[in-house]
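Trainee: Got a predicted structure here, sequence first:
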Amino acid sequence: MSITRRKFIQRTSAAAAAIGLPLVVPRRVFGANDEVRIAVVGCGGRGNFHINKFGRQQGVRIAAVCDPDRQRLQAAAKRVEKKFGNKPEAVVDVRRLMDRKDFDVLSVATMQYWHSLPVIWACQTGRHVYVEKPLAHFIWEGRQMVNAARKYDRLVEVGLQSRSRDTDRQADEYIKSGQLGKIQYIVCFANKARTSIGKRSEPLPIPETLDYDLWCGPARKGPIYRDRIQYDCSFTWNMGDGESCNQGVHEIDIARRLLGETGLPRRTMSVGGRFVFNDAGNVPNTQIMYYDFPSAPVLYEVHNLRAGKNTKTMPSFRGAAGVNTCVQCEGGYAMMHRGEVRDNQGKRIKQFTDSRNHTQAHFENFIRALRSGKREDLNAEILEGHLSTNICHAGNISYRLGKRASVATIREQIGDLPVFQEMFDQYLAHLEAHEIDPGESILGPWLECDSENESFRDNAEANALAKGFYREPFVVPEVDV
């Protein structure tokens, strides 16, 4: 054991020195009475959510908060002190946070373009990590995050809270029991109303409280022409990944788990557009995607617009609004989030329930795993988050490489895929309800996926988007295992 520990310390020391970080090697297992000290990076709405979910647990203390926006930072520190009675350290720069030795766990609640570096740095300096979804902004960097967790033997959980929802678990077990027959296809959907992020003629002034260079981090730094700095960056490819990844990773993760898939689909393509808003965003607000898995196809659709021009209702799928995963089997279908199973005539044949708060349960699962020290006790271990996030990125990469196309051209490219053709019909009806010319749609190419290398065959442009880009000095390192 002494040899193993010595080798571990040597490896960790070398990595920490390489990025100028101190060596911190906390205990691998926290005893029942040991305090878990957490630093939360990212003090927006989700960061405050993390503070509440961790801070209310027995034996857990929010030791530090970190954000490049000093106004948000101080507000979060005061919130911790008022709610939990301790005064956390308030740190602007996450790199300086890593210099500290007074916390054991990093909780990452930033936007996804700022996920990879804090996770890797935390692993290199011996911390365990809870990180929000989607895991990474690019496919390649997600693999580096997984490698860091493995290399430094850290526990890393991803915020895929559906994995802690009991209705999903029960429906999953029911489907896998074979009582509904074989899975024929899965339709995931996100019917989430969004509004325009604005389109300014003059750049938005940067507040004095924000370290803008640090906030941009690895993303491209430039003037902002939307109406708000925070969060709305998620509707740009520079810092965000669109609804089909930001929300979609939840539903795709459920589908992938049900099918037992551990890689990318054989091929994927996407159709969509950013309609009506005429704003500074460039991710689609209406989108359909096809993931061709060997076991069964998985489809995803996004509706950020209302059902029509003069209605406040949202589109639905088989009467279900919001977000969900519909698993169509030979003998019926299941709406996973609702724990509802119906036969092919629409009659309800099973209803599962969950009395727990599944989001709280997910944060509690992470703390329990820290105390057991067992990776297998994590409900959403980092590799699972990586594999599901990759799928969403693959579909979006098809869209990003797309061009405007006619309805006839899109139909021809979809080909003999009845379920996808049906989804395209619904897509066209949705555009018609908004008086949108379907010829404004962006048709992405079919991308042939290489699961082993987490890349695309014979497509340099697609592989460049999978690899991503980074702005000095915020460059994600390659982590060898």
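Mentor: That came through, no problem.

Trainee: Give the full set of residues in contact with Gln74.
Mentor: Shown in contact with Gln74 (Cβ atoms under 8 Å, 6 or more residues apart in numbering): Ala90. Backbone N, C-alpha and C define where each C-beta goes, glycine included.

Trainee: Are we agreed that it is in a helix?
Mentor: Yes. Assessed with DSSP: H, G, I helix; E, B strand; the rest coil, Gln74 lies in a helix.

Trainee: any idea how far it is from Gly45?
Mentor: As judged by Cβ to Cβ, to the nearest Å, Gln74 and Gly45 stand 16 Å apart.

Trainee: ok, now Leu465?
Mentor: 28 Å.

Trainee: Least confident secondary structure element in the protein?
Mentor: Averaged element by element with mean pLDDT, DSSP states H and E, the chain has its least confident helix or strand at helix 2-18 (a mean of 41).

Trainee: next helix or strand past that one?
Mentor: Next helix or strand after helix 2-18 toward the C-terminus (DSSP states H and E): strand 36-41.

Trainee: which helices and strands does that following strand pack with?
Mentor: Using 3 or more Cβ pairs under 8 Å, 6 or more residues apart in numbering; DSSP states H and E as the contact criterion, the elements in contact with strand 36-41 are helix 45-55, strand 60-66, helix 94-97, strand 105-108.

Trainee: run the last query once more with 6 Å
Mentor: When contacts are defined as 3 or more Cβ pairs under 6 Å, 6 or more residues apart in numbering; DSSP states H and E, strand 36-41 packs onto helix 45-55, strand 60-66, strand 105-108.

Trainee: who wins for proximity to Phe235 among these?
Mentor: Shortest distance between Phe235 and the helices and strands packed on strand 36-41, using Cβ to Cβ, is found for helix 45-55: 15.7 Å.

Trainee: How far off centre is that closest one?
Mentor: 17 Å (Cα atoms, centre = their mean, to the nearest Å).

Trainee: Just the C-alpha atoms of that helix, please, in PDB.
Mentor: Written as PDB, here are the backbone C-alpha positions of helix 45-55 (Å, rounded to 0.1, in the frame of the first residue of the first chain):
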ATOM      1  CA  GLY A  45     -28.800  30.600 -10.100                       C
ATOM      2  CA  ARG A  46     -27.300  27.100 -10.400                       C
ATOM      3  CA  GLY A  47     -24.500  27.900  -8.000                       C
ATOM      4  CA  ASN A  48     -27.000  29.000  -5.300                       C
ATOM      5  CA  PHE A  49     -28.900  25.800  -6.000                       C
ATOM      6  CA  HIS A  50     -25.700  23.900  -5.300                       C
ATOM      7  CA  ILE A  51     -25.100  25.900  -2.100                       C
ATOM      8  CA  ASN A  52     -28.600  25.000  -0.900                       C
ATOM      9  CA  LYS A  53     -28.500  21.300  -1.800                       C
ATOM     10  CA  PHE A  54     -25.100  20.700  -0.300                       C
ATOM     11  CA  GLY A  55     -25.300  23.100   2.600                       C
END
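
Trainee: between it and strand 36-41, how many degrees?
Mentor: 180 degrees (axes from the mean of the first three to the mean of the last three Cα atoms, to 10 degrees).

Trainee: Let me see the mean pLDDT of helix 45-55.
Mentor: For helix 45-55, mean pLDDT is 98.

Trainee: In it, which residues are buried?
Mentor: Neighbour counts over helix 45-55 (16 or more other Cβ atoms under 10 Å) mark Arg46, Gly47, Asn48, Phe49, His50, Ile51, Asn52, Lys53, Phe54, Gly55 as buried.

Trainee: Please determine how far Leu155 is located from Glu340.
Mentor: 34 Å.

Trainee: what bits of the chain have low per-residue confidence?
Mentor: Within the chain, the ranges that satisfy pLDDT under 70 run 1-28.

Trainee: Could you list the domains of it?
Mentor: Here the chain is described, according to automatic domain parsing, as comprising the domains 2-162, 166-354+383-457.

Trainee: residue ranges for the strands of the stretch 201-350 of the chain, please.
Mentor: Using DSSP state E, counting those that start in this stretch, the strands of the stretch 201-350 of the chain run over 267-273, 286-292, 298-303, 323-329, 332-335, 340-342, 348-351.

Trainee: Nearest residue to the middle of the protein?
Mentor: Among the residues of the chain, the one closest to the centroid is Pro134, at 1.4 Å (Cα atoms, centre = their mean).

Trainee: these two touch, right, that residue and Val249?
Mentor: Yes. If you go by Cβ atoms under 6 Å, Pro134 and Val249 touch, sitting 4.5 Å apart.

Trainee: Need the residues touching each of those two.
Mentor: Both Pro134 and Val249 are contacted by Thr389, under the criterion Cβ atoms under 6 Å, 6 or more residues apart in numbering.

Trainee: Could you count how many residues lie near Thr353?
Mentor: Using other Cβ atoms under 10 Å, Thr353 is surrounded by 9 other residues.

Trainee: Appreciated, that's everything.
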